[in-house]
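Colleague: heads up, no residue letters with this:
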């Protein structure tokens, strides 16, 4: 059992390392996408300023920029999809006993004959 637990821990540590590396790669790709989009935007500005036909569509640049930014934020953990965050509440102190969900059933069994009939 101890060896299995050791192998499980090693596996969890390796997966954690792989997730960190994946996030780094995704952040890098997101930054590269943004760089390509920025280059496309500069190209578009220069073409538009010179009066020539535009080669890169503005919508493609916008999509590339938005996706690159989304990937970078997600990889860095700066933003949670949809803006939703998980609230974690930590209570420190003595725990208060909550009534047992089976209390009613226990009380009924104390007042019965054992055959399910309630004694009055």
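Modeller: Received the coordinates, thanks. What you see is a predicted model, and the numbers here were worked out from it, not measured in a lab.

Colleague: mind giving me the packing neighbours of the lengthiest helix in the chain?
Modeller: Longest helix of the chain, by residue count under DSSP state H: helix 2-50. In this structure, helix 2-50 makes packing contacts with helix 58-76, judged by 3 or more C-beta pairs under 8 Å, 6 or more residues apart in numbering; DSSP states H and E. From N, CA and C alone the C-beta is placed, and that goes for glycine too.

Colleague: mean confidence (pLDDT) on the longest helix of the chain, please.
Modeller: Averaged across helix 2-50, pLDDT comes to 88.

Colleague: and what about residue 53, helix, strand or coil?
Modeller: Under DSSP: H, G, I helix; E, B strand; the rest coil, the three-state class of residue 53 is coil.

Colleague: for it, grab the count of nearby residues.
Modeller: Per other C-beta atoms under 10 Å, the neighbour tally for residue 53 reads 7.

Colleague: list the contacts of it.
Modeller: residue 47 (C-beta atoms under 8 Å, 6 or more residues apart in numbering).

Colleague: residue 39 too?
Modeller: With C-beta under 8 Å, 6+ apart, residue 39 has no contacts at all.
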